[in-house]
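Visitor: please find the sequence and the predicted model below.
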Amino acid sequence: MTGTLAMESEQAKYLEAAKEVVKREAFNMQRCLDKGQLMDGLRHATEMLNELRTSILMPKSYYELYMMVTMELTHLTMYMSAEFIKENKIADLYELVQHAGNIIPRLYLLITVGVVYIKSKECSRKDILQDLVEMCRGVQHPLRGLFLRNFLLTSTRDVLPDVDETSADTGTVDDSIDFILLNFSEMNKLWVRMQHQGHSRDRTKREQERLELKILVGTNLERLSRLEGVTVSKYQNHVLPAILKQLINCKDSIAQEYLMDCIIQVFPDEFHLKTLDIFLDTCCQPQGAVNVRNILISKIGRLSNYAQADPNNIPEDIKLFEIFSGKVTQIIQSRTEMPPEDILALQSALIKLALNVYPSETGYVDQVLQNSFNIFEEDKSRAKGCSTELSRMLRVPVDHYQDILTILQLEHFTPLFSFLDHRIRKELCVYIMEHVIQTDTYIDSHDQVDLFLTMMTCLIADQPDQPKEPEDPEDFELQQSLVGRVVHQMTSSVPDQQFLILNMCKKHLLNGGDKRIQYTLPSLVFRAMELCRVYFELKDEDEKWEKKVCKILQYINSLLSALVKAEYWDLALRLFLQSALICDLMGIQTAETIAYEFVSRAFAIYEEEVSDSKAQLVAISLIIATFERTINFSEENHEPLRSQCLRASSKLLKKPDQCRAVSLCAHIYWSGKNRENEGSAMKETKRVLDSMKKAVRISNQCMEPSVQVQLFVELLNKYIYFLDNGCTDVTQAMISQLVGKIRDDMPGLEASEATNQIVQHFNSTLAYIKSKHGMSFPTS
């Protein structure tokens, strides 16, 4: 670092000293020219130009000095254009400046005068240009020679002939092409020569210096592209072959890579289209160090954009994809050392080409995927460490098509997943699933579902290559929830096809093991319930709808059995009850049997597996609520189930829980329905009153005063509910008695937030009783 700073300091000193000389001599030159003293002015110009003979300055500093000097030379050009063209003395001046003592000043002055000479039209433009470009051969120092020839190119840009018609004096565009090509060839040789000067330890430094100077060489190609007389034919037959010959012969990787990129960037798309084969053949010849990947990607991108702008730009006889695909395959096969990330970048470019130019030809995309698979299958070591690049390539068609169904048509898309490491493969699967949901794409056949879930297998089941350490629980839950959401995108408008889809999903998702099915199977259960409703609505059109519904219910039972086996008791209990409601809705004998089985299994889970007292209350409440909503159970099945609800409620461990559960059972006897009642509520007032009295007795057994009063208030509200709904056995006397009991016990409660809530609840209830039934009680 210290050495670098010292060098920069020295460079700044040298540059500043040179600039001082240039300023001084430029001032003296301008003063002499103003006085009409041309010879003195040329002498000062020579002294100024002598500063460009230095070998001390680095390229960046030399460029700054060069720009300063050439800017001052414009004063000399303007003077000569004004004075000498009028007096026809420019030919003498052209001879005069050739006697300058040093070659650098001599050639800069010669070019300056030569341009004015051409504009005077006193001599053949062609001869002067040829003379100038040949004379520049006299400077073979790479740095000085490059800037000298750049000065020649920029100075002559307005005087190069650009017409096809020839004359002895003006020349043609062919002369301009030859002039620029010769200048380009010589500049490229000087540029390449820089690489081989100095000690090998300075190689990196020299390469950096060369990269700073590359634009000087590339300017020749840019100037060629601006000649209007350069037609497609001239480019194809003359310009491009000459450039490529120089490019190949130089055998320098930096020059080859930069110049090929220049060719792509500066010449028109029509030229590239007509010379595609020539250019691509050349891409197979550069030095091994040349990054052919960037060159080909740039070329593919250029023509892809051209075709995308207007499909008619590409003639039918030019098979753009096939040409590029063949050459890319050839280059990959010939360069066995090509890094896998370069291979994948090329294949990604080909996919983008196929998608942009031939959007309806999915076969082209699949061909690229197949070639990629074959490359990695033949040499699996090539695939190591490139999972990110491969994943990026696979995302290209996903983003373009916006349709997973099109992706499923790509036969070689999924096989490439095997070359991804487990983490990247999982991320790609998550990306695709999110894409399916965001685009609201529906997969509507069981074959497509099979292909899709096979593709997503790393999210659905354990993999041999997955890490041994457990996955982050939050990430795992998000991934599996995503799988459950995607199940809802697997939908067909044809019910029979939908059932095939559900069976295919079951086949794949049950492979996920116990830890996954709690997230994935519920989606299948609800989709199956939805399908039952569909068949129920189509019962007038499908004679076999009952059998199909029974098959679906059996399907649901198998899924719930898997959850029971995996010991997800709470989830299984809830889904059994939900499924029982769907069965009951169907209103057929077979469905009733299955519904009874579902409720029975829910009871079995409650009795055998639910041990926590809070969970028991929640579970029995769900069972009671579910049973209360059923309408198609026969009395033969309805009676044992409602009795079981009451018995289970009475056996709860805690008295408050018993009280609340038993009071819930009263609703079964009031609003419960069965087939014998033809959908009407049972309204067994005696059983309702028995349940409520039993709940009151249980609440009396509670030892804690606040809990007991709270239960009384809750029971009071239930009594009012039944009274409001026409339960004749519930009387106002019962309500008055319960109100009195609450009022007697309430003063003994300790002051607390819970007590305040109980009092507020009680007062609100009394207010309702007064407004509804005209019964007045003093508030607490």
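Guide: Now that the structure is in, tell me what you want to look at.

Visitor: which parts of the helix or strand hosting Tyr535 are buried?
Guide: Using DSSP states H and E, the element containing Tyr535 is helix 514-537. Buried residues in helix 514-537, counted by 16 or more other Cβ atoms under 10 Å: 516-529, 531-532, 534-536. Every C-beta, even on glycine, is put in place using the N, C-alpha and C of the backbone.

Visitor: centre of the chain to it, how far?
Guide: Helix 514-537 sits 31 Å away from the centroid of its parent chain (Cα atoms, centre = their mean, to the nearest Å).

Visitor: packing partners for that helix?
Guide: Secondary structure elements in contact with helix 514-537, counted by 3 or more Cβ pairs under 8 Å, 6 or more residues apart in numbering; DSSP states H and E, are helix 473-487, helix 495-509, helix 545-565, helix 569-586.

Visitor: any chance of the ones you listed in a markdown table, plus mean neighbour count?
Guide: Below are the helices and strands packed on helix 514-537 laid out as a markdown table (neighbours: other Cβ atoms under 10 Å):
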| stretch | mean neighbour count |
| --- | --- |
| helix 473-487 | 16 |
| helix 495-509 | 19 |
| helix 545-565 | 19 |
| helix 569-586 | 23 |
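
Visitor: a markdown table please, covering these and showing distance to Leu153 and mean pLDDT.
Guide: Listed next are the helices and strands packed on helix 514-537 as a markdown table, based on distance: least, Cβ to Cβ, whole Å; pLDDT from 0 to 100:
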| stretch | distance to Leu153 | mean pLDDT |
| --- | --- | --- |
| helix 473-487 | 60 | 95 |
| helix 495-509 | 67 | 96 |
| helix 545-565 | 78 | 94 |
| helix 569-586 | 79 | 92 |
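
Visitor: go ahead and confirm Met467 touches Lys426.
Guide: Met isn't right for residue 467; it's Pro. No - Pro467 lies out of contact with Lys426 (Cβ atoms under 8 Å); the separation is 10.6 Å.

Visitor: compare the two (neighbour count), which wins?
Guide: Shown here are Pro467 and Lys426; by other Cβ atoms under 10 Å, Lys426 has more neighbours (19 against 10).

Visitor: grab the nearest non-local neighbour of the more buried one.
Guide: Cys458 (5.2 Å; Cβ to Cβ, 6 or more residues apart in numbering).

Visitor: roughly how far apart are the one you found and Leu224?
Guide: 54 Å (Cβ to Cβ, to the nearest Å).

Visitor: mind listing what's buried in the lengthiest helix in the chain?
Guide: Ordering each helix of the chain by length in residues (DSSP state H) puts helix 2-34 first. In terms of neighbour count (16+ other Cβ under 10 Å), helix 2-34 has its buried residues at 11, 14-15, 18-19, 22, 25-26, 28-30, 32-33.

Visitor: pipe those residues into CSV and attach pLDDT and distance to Ile437 per row.
Guide: Below are these laid out as CSV (pLDDT from 0 to 100; distance: Cβ to Cβ, whole Å):
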residue, pLDDT, distance to Ile437
Gln11, 85, 60
Tyr14, 92, 66
Leu15, 92, 62
Ala18, 94, 67
Lys19, 94, 65
Val22, 95, 68
Glu25, 94, 74
Ala26, 94, 71
Asn28, 95, 78
Met29, 94, 75
Gln30, 94, 74
Cys32, 94, 81
Leu33, 90, 77
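
Visitor: nearest to Glu567, of these?
Guide: Checking those against Glu567 by Cβ to Cβ gives Gln11 as the nearest, at 77.5 Å.

Visitor: thought that closest one was touching Tyr62?
Guide: No - between Gln11 and Tyr62 there is no contact under Cβ under 8 Å: 9.7 Å.

Visitor: tell me the pLDDT at Ser167?
Guide: Looking at Ser167, its pLDDT is 58.

Visitor: return the helix or strand in this protein with minimum mean pLDDT.
Guide: helix 90-96 (a mean of 84; mean pLDDT, DSSP states H and E).

Visitor: which residues are contacting that helix?
Guide: Contacts to helix 90-96, defined as Cβ atoms under 8 Å, 6 or more residues apart in numbering, come from residues 38, 42, 80, 84, 110, 113-114, 116-117, 120, 122-123.

Visitor: what distance separates stretch 143-154 from the middle of the whole chain?
Guide: Remark: stretch 143-154 is offset 47 Å from the chain centroid, using Cα atoms, centre = their mean.

Visitor: hmm, I was thinking of stretch 408-425
Guide: Relative to the chain's own centre, stretch 408-425 is displaced by 16 Å; criterion: Cα atoms, centre = their mean.

Visitor: quick check: buried residues in it?
Guide: Buried-residue list, stretch 408-425, by 16+ other Cβ under 10 Å: 408, 410, 412-417, 419-421, 424-425.

Visitor: so which residues of the stretch 601-750 of the chain form helices?
Guide: 613-629, 635-650, 655-671, 685-700, 705-724, 732-745 (DSSP state H, counting those that start in this stretch).
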